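Undergrad: Structure for the following, please:
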Amino acid sequence: MIDYLEKIAIWICRILAVIAGAALTLMIVLACANMVSRAVWLPVKGTFELMGFLGAVTAGFSLGFSQLHRSHIAVGLFFRLFPRPVQILLDVLAGAVSCVFFIFCANETYKWGMFLREIGEVSETLGILFHPFVFAVAVGCLSMAFVIMLDIFRILRGKEPLKPV
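TA: Down below sits the predicted model:
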């Protein structure tokens, strides 16, 4: 069952990472287009808003993928001083706290998105709805919590943390 969940996690994180990469690429294209357009004529309307929305998608959707590849900052120097059983316990506790934190973040972000949806909040210049981008960040937080949870199960089973093939 855990192996199946790990395959699902890798699949979900890859899809979200592709979307995050596309959003980042759009941010680069938009920034370049805005610079050229500003030099030649007028800046692209709504660049600041679009950069914010795309940045939220990029940051949110890349969380789980970065956890899979351990490309985030992890402080383990102190943990290495303890015996292996204590290291495992500390890894599980740190993972559990992180997992709960990201579930909390996802829940609060979701509630904020629902509030924005209820009031119909839109961006000032382009009139784009805010809530889909807030929900995107909530999905990213859930993917991070999911990967961390699977890492905890792997640690408890005596395996290395989850890594994509």
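Undergrad: from here on, contacts and neighbour counts on C-alpha atoms
TA: Will do.
Undergrad: phi, psi of residue 122?
TA: phi -130, psi 160 (degrees, to the nearest 10).
Undergrad: which ones are touching it?
TA: The contact partners of residue 122, by CA atoms under 8 Å, 6 or more residues apart in numbering, come to 128-130.
Undergrad: likewise residue 149?
TA: Residue 149 makes contact with 95-96, 99, according to CA under 8 Å, 6+ apart.
Undergrad: Could you do residue 92 as well?
TA: 152, 155-156.
Undergrad: Okay, and which of those map to strands?
TA: Of the positions in the contacts of residue 92, not one sits in strands, assigned by DSSP state E.
Undergrad: Ranking by neighbours, what's the top pick from those?
TA: residue 152 (24 neighbours; other CA atoms under 10 Å).
Undergrad: I'd like to know how far it sits from residue 114.
TA: From residue 152 over to residue 114 the distance is 31 Å, taken as CA to CA, to the nearest Å.
Undergrad: before we move on, what about residue 153?
TA: Per CA to CA, residue 153 is found 32 Å from residue 114.
Undergrad: got it, and residue 155?
TA: 36 Å.
Undergrad: before we move on, what about residue 26?
TA: For residue 26, the distance to residue 114 - CA to CA - is 26 Å.
Undergrad: buried residues in stretch 22-30?
TA: 23-24, 26-27, 30 (16 or more other CA atoms under 10 Å).
Undergrad: sorry, back to before: can you put the contacts of residue 122 in TSV and add distance to residue 63, neighbour count and pLDDT?
TA: Shown next, in TSV, are these (distance: CA to CA, whole Å; neighbours: other CA atoms under 10 Å; pLDDT from 0 to 100):
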residue	distance to residue 63	neighbour count	pLDDT
128	24	17	95
129	23	15	96
130	20	16	93
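Undergrad: Mind putting those residues into CSV with distance to residue 119 and secondary structure?
TA: Shown next, in CSV, are the contacts of residue 122 (distance: CA to CA, whole Å; DSSP: H, G, I helix; E, B strand; the rest coil):
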residue, distance to residue 119, secondary structure
128, 13, coil
129, 10, strand
130, 10, coil
